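Student: after the sequence you'll find the predicted model.
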Amino acid sequence: MRDFIYEQHAARIVFAVGSIDRLADEVAKLGAKRAMVLSTPGQRRLADEAAKRLGVATAGIYAEAVMHVPVETARAARETARRLAADCTVAIGGGSTIGLAKAIAADTGLPIIAIPTTYSGSEMTPIYGLTEAGAKRTARDRKVQPRTVIYDPALTLALPPKISGPSGMNALAHCVEALYAPDGNPITAMMAGAGIAALARSLPEVVRAPDNIEARSEALYGAWLAGAALANVSMGIHHKLCHTLGGSFNLPHAEVHTVILPHATAYNSNAAPEAMRVIAQQLGAGDAAQGLFDLAERIGAPLALKDIGMPEDGLDRAAKLATESPYQNPRPVEYEAVRRLIDNAYHGRRPG
Ligand code: NAD
């Protein structure tokens with residue numbers, strides 16, 4: 001047993017099919033009376049449903065959330081919250097919507113009730129990002145961590161397979177990096193291991209039969225564990241690469257995670273043998289990186305950066321950016337090796 005520090009931050013988790021019906025009670029429990037409901041334009045109908053359940057406790061709806069939280073969107077949402085005299089936000093949707101609620105909270109301290117409808121795990125973390133002039137910066141602040149999270153697997157039934165698969169791989173990435181994080185601890189390791197097992201079991205079924213509520217529940221449970229693990233550890237080369245590629249080349253977030261994860265895992269395989277053993281075991285695979293690649297392939301998720309919009313002439317720049325100010329990582333982050341990793345990921349080769 002190694003020495004460790006574990007901080008437990010209070011968040012109320014409500015996990016049940018149909019739990020969106022408890023939204024008004026949960027807002028009242030926070031002592032709030034004027035909730036601003038947030039969503040993307042595509043999930044406006046869901047925002048309307050939430051507002052209907054809140055009744056007089058709805059201050060208004062702001063359905064303008066977009067990927068990567070542009071500062072202009074955050075500013076406009078904050079101004080709307082002030083104009084509406086909102087005393088909390090209800091973020092219903094994926095990481096983009098929850099990210100917008102966090103951007104509002106970072107400035108105003110407005111408490112968040114998150115109702116995640118993807119597997120991004122963002123609802124459990126104090127991490128938030130903002131994009132300005134094409135550059136994404138991320139920060140940690142306990143103030144932005146949602147106070148209540150309502151997990152309702154029924155809300156994920158509409159998530160199409162091509163979003164569900166990569167989103168689940170995004171959650172798996174949190175688990176993988178939690179297992180070799182320098183500030184990991186027995187609790188985060190336990191959550192990460194159980195998260196991998198739940199996601200590996202459920203994702204193939206979620207993609208095969210999107211309306212299977214048991215599989216949806218298990219995937220959402222895995223996403224909860226993944227976000228809870230990530231909340232307490234620092235990120236390594238995998239997240240650094242994804243932030244660099246996503247932010248600098250405007251690639252879709254969950255898909256970048258999907259493509260990079262097997263390669264980042266292979267990169268660290270000799271430097272983090274115990275993490276690799278757990279990952280492989282929980283995946284039911286002989287090898288961690290190969291098992292992740294096989295899972296991505298099995299669920300029909302993208303395997304190559306060239307298929308998700310990465311320009312080939314950007315590979316050198318990506319490697320340079322990812323190695324300039326690296327996050328802590330079990331294996332030293334070196335340009336030549338990272339350039340090879342990115343090349344393999346670009347072409348969709350099986351990790352070496
Ligand atoms: P997203 O929130 O952008 O959602 C993707 C698309 O799916 C959107 O068009 C959305 O409207 C739609 N959608 C969501 N749920 C749906 C459902 N149930 N049915 C039908 N359509 C649905 O994607 P995401 O991958 O969840 O989030 C990505 C963002 O989250 C990125 O900006 C990323 O940086 C951030 N993120 C943050 C953290 C963190 O800890 N801070 C963790 C993971 C991701």
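Tutor: Looks like it arrived, so ask away.

Student: my read is that Glu255 contacts Lys306, right?
Tutor: No. Glu255 lies out of contact with Lys306 (C-beta atoms under 8 Å); the separation is 11.9 Å. Backbone N, C-alpha and C define where each C-beta goes, glycine included.

Student: neighbour count for these two, which is higher?
Tutor: Higher neighbour count among Glu255 and Lys306: Glu255, with 24 against 16, using other C-beta atoms under 10 Å.

Student: OK, contacts around the more buried one?
Tutor: Residues near Glu255 by C-beta atoms under 8 Å, 6 or more residues apart in numbering: Pro166, Ala301, Pro302, Ile308.

Student: where does the second one land in three-state SS?
Tutor: Spelled out, that is Ala301. Assigned with DSSP: H, G, I helix; E, B strand; the rest coil, Ala301 falls in the coil class.

Student: isn't it right up against Pro166?
Tutor: Yes. Taking C-beta under 8 Å as the definition, Ala301 is a contact partner of Pro166 at 5.1 Å.

Student: which neighbours do those two have in common?
Tutor: Glu255, Thr258.

Student: hey, C-alpha coordinates of the helix or strand of the chain with the lowest mean pLDDT in PDB?
Tutor: Sorting the helices and strands of the chain by mean pLDDT, DSSP states H and E puts strand 135-140 at the bottom, at a mean of 87. Extracted as PDB, the C-alpha positions of strand 135-140 are listed here (Å, rounded to 0.1, in the frame of the first residue of the first chain):
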ATOM      1  CA  ALA A 135      -7.000  28.000 -28.500                       C
ATOM      2  CA  LYS A 136      -8.600  26.000 -25.700                       C
ATOM      3  CA  ARG A 137      -7.400  26.500 -22.200                       C
ATOM      4  CA  THR A 138      -8.500  24.300 -19.300                       C
ATOM      5  CA  ALA A 139      -8.600  25.000 -15.600                       C
ATOM      6  CA  ARG A 140      -9.700  23.300 -12.300                       C
END
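
Student: on the C-terminal side of it, identify the next helix or strand.
Tutor: For strand 135-140, the following helix or strand on the C-terminal side (DSSP states H and E) is strand 148-151.

Student: what strands flank that next one, and is each parallel or antiparallel?
Tutor: strand 12-15 (parallel), strand 112-116 (parallel) (DSSP bridges).

Student: what does the protein put close to the ligand?
Tutor: For the chain, the contact set with the ligand under C-beta under 6 Å from any ligand atom comprises 40, 42-43, 67-68, 93-97, 99, 117-118, 120-122, 125, 127-129, 155-156, 158-159, 163, 167, 170, 253-254.

Student: buried ones only from those, please, as a PyMOL command.
Tutor: Restricted to buried positions by 16 or more other C-beta atoms under 10 Å, the PyMOL selection for the residues of the chain next to the ligand reads:
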select buried, resi 40+43+68+93+94+95+96+97+99+117+118+120+121+122+125+127+128+129+155+156+159+163+167+170+253+254
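
Student: quick one: which of the residues of the chain next to the ligand sit in strands?
Tutor: Counting by DSSP state E, the part of the residues of the chain next to the ligand found in strands is Gly93, Ile127, Tyr128, Gly129.

Student: nearest to Ala11 among the residues you listed?
Tutor: Using C-beta to C-beta, Ile127 is the member of these that lies nearest Ala11, at 13.9 Å.

Student: and the closest residue to the closest one other than its chain neighbours, what does it touch?
Tutor: The shortest distance from Ile127 to any non-neighbouring residue, by C-beta to C-beta, 6 or more residues apart in numbering, is to Arg140 (5.4 Å). Contact partners of Arg140, counting by C-beta under 8 Å, 6+ apart, are Pro126, Ile127, Tyr128.
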